[in-house]
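Q: Build me a model:
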Amino acid sequence: MGAVLAVVAAALNAAASVLQRKAAREEPAEREFSIGLLFDLVRQRSWLGGIGCVIVGFLVQAVALTLAGVAVVQPLLVAELPFTVLLAAWTFGARPGRQEWTAIAVLAAGLALVVVALAPHGGDPVGVPGWMWAIGSGVVALVVGGTVAAGRATHDAARAGWLGVGTGTAFGYVAVLVAAVGAIAQREGVTGVLTAWQTWAVIVVGPLSFFLLQTALQAGSLVASQPGFTLANPLLATAWGVVVYDEQVRGGAWYAMAAAGGAALLLGTFVLVRSPLLSDSGDSGDSGDSGDGGDGGEGNTGSDTGDGDDDRSAAAR
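A: Residues are numbered from 1 along each chain as shown. Purely as a prediction, here's the structure:
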């Protein structure tokens, strides 16, 4: 059930991505890293609809993390990417072509290989000592801070890429905090949740991650930002689940199968993010290479060439 709910959460996140990206792309560049960006976005109905999907998706993911470990749930959230492409195509009248369907099949196979090979189970978020939390949280803070600093020092595709990695890392950390809160709730009830520092950390880190997401969505090309966000989130959460929460995975020859699945995930992600359905600027270079990418071949030659371009650009973090 935890795995099923993780896939449902991925679909809701994809819907949120389509709606939020449509709103964020209309904001001027000087709004980056500004609270004013959020004040502008809150007046747009598409953004508010995306927020609704974010909230429901977060709640579904929280339940999934309570039922299954982070090493199970977070890799399945990579399914958000193919859901985003398909939802964008359905919503905006485009047609996925051979590139999209092949990449989706590769992603699905990679997910299956990783989950089946590792078969993560067990783990104890409640029993993690304070010093381990401190070290792990410090590493996360350094990664997020470093990638944000790198993003602010660069422009265009490089900025979007760095912010994508930072956003994915931040959301991966939120997931491990939520998993801890869920475990505490099962053992200690409401009182334990209200007195756990992880609960209040979610309240602080969650909105900060959300703000970083809006900045990443507004910063530049989806082709640049999507790989970092898609891969950093499950990578951080899975590593945390195994190393910090002591979730058990199968070893030996199963590692080879997991490595093959990971390679498939990388390949599928980098192929899929170059789909014309996700390209919102002319820098993807492949928006006009074939007719079976739907109507993505015409509208991607400029930044504001028409409604079709705006619609296809709505596709995600």
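
Q: Please identify the helix or strand for Met257.
A: For Met257, the element it lies in under DSSP states H and E is helix 254-272.

Q: Against which helices or strands is the one helix or strand Ala16 maps to packed?
A: When elements are assigned from DSSP H and E, Ala16 belongs to helix 2-24. The helices and strands touching helix 2-24, judged by 3 or more C-beta pairs under 8 Å, 6 or more residues apart in numbering; DSSP states H and E, are helix 35-41, helix 45-67, helix 70-76, helix 80-92, helix 197-219. Every residue, glycine included, has its C-beta placed from N, CA and C.

Q: Identify whichever of these lies nearest to Asn233.
A: Ranking the helices and strands packed on helix 2-24 by proximity to Asn233 (C-beta to C-beta) places helix 70-76 first, at 6.4 Å.

Q: Can you tell me which of the helices and strands packed on helix 2-24 is most buried?
A: helix 70-76 (a mean of 27; mean count of other C-beta atoms under 10 Å).

Q: what does that one rub up against?
A: 2-3, 5-7, 10, 61, 64-65, 111, 114-115, 118, 120, 123, 172, 175-176, 179, 233-234, 237-238, 240-242, 245, 247, 249, 265 (C-beta atoms under 8 Å, 6 or more residues apart in numbering).

Q: what do you get if the cut-off is 6 Å, keeping everything else the same?
A: Applying C-beta atoms under 6 Å, 6 or more residues apart in numbering, the contact partners of helix 70-76 are 6-7, 64-65, 114, 120, 175-176, 179, 234, 237-238, 241-242, 247.

Q: Run a quick neighbour tally on Ala185.
A: 17 (other C-beta atoms under 10 Å).

Q: Skipping adjacent residues, who's closest to it in space?
A: Nearest residue to Ala185, sequence neighbours excluded (C-beta to C-beta, 6 or more residues apart in numbering): Val193, at 5.0 Å.

Q: picking that back up, and the helix holding Met257, what does it pack onto?
A: Judged by 3 or more C-beta pairs under 6 Å, 6 or more residues apart in numbering; DSSP states H and E, helix 254-272 is in contact with helix 98-118, helix 222-243.

Q: Next SSE downstream of the last one?
A: When you say that, I think you mean helix 222-243. Sequence order places strand 247-248 as the next helix or strand after helix 222-243, per DSSP H and E.

Q: And the contacts of stretch 178-194?
A: By C-beta under 6 Å, 6+ apart, stretch 178-194 touches Ala62, Leu65, Thr66, Val70, Pro125, Val126, Ala196, Gln198, Thr199.

Q: picking up where we left off before, which of the residues in the helix holding Met257 are buried?
A: Met257, Ala258, Gly261, Gly262, Ala264, Leu265, Leu266, Gly268, Thr269, Val271, Leu272 (16 or more other C-beta atoms under 10 Å).

Q: and which of the residues you listed is nearest Leu163?
A: Closest to Leu163, out of all of the buried residues of helix 254-272 and judged by C-beta to C-beta, is Thr269, at 16.9 Å.

Q: as a whole number, average confidence for stretch 272-285?
A: On average, the pLDDT along stretch 272-285 is 57.

Q: To which secondary structure element type does Val140 belong?
A: When classified by DSSP: H, G, I helix; E, B strand; the rest coil, Val140 comes out as helix.

Q: Could I get the contacting residues of it?
A: By C-beta under 6 Å, 6+ apart, Val140 lies in contact with Tyr173.

Q: okay, it: pLDDT?
A: pLDDT, read off for Val140, is 93.

Q: for Ala170, same thing?
A: Confidence at Ala170, expressed as pLDDT, is 92.

Q: Distance check, it against Gly182.
A: Ala170 sits 19 Å away from Gly182, taking C-beta to C-beta, to the nearest Å as the criterion.

Q: Now do the buried residues in the helix or strand where the residue nearest to Ala185 lies.
A: Using DSSP H and E, Val193 maps to helix 156-195. By 16+ other C-beta under 10 Å, the buried positions in helix 156-195 come out as 157, 159-185, 192.

Q: Tell me the pLDDT of the spatially closest residue to Ser275 that is not a sequence neighbour.
A: If the residues on either side of it in the chain are set aside, Ser275 comes closest to Glu100, at 5.1 Å by C-beta to C-beta, 6+ apart. In this model, Glu100 is scored at 80, pLDDT.

Q: Neighbours of Glu100, how many?
A: 26.

Q: I figured it was touching Arg274, is that so?
A: No - contact between Glu100 and Arg274 fails when scored by C-beta atoms under 6 Å: they sit 10.0 Å apart.
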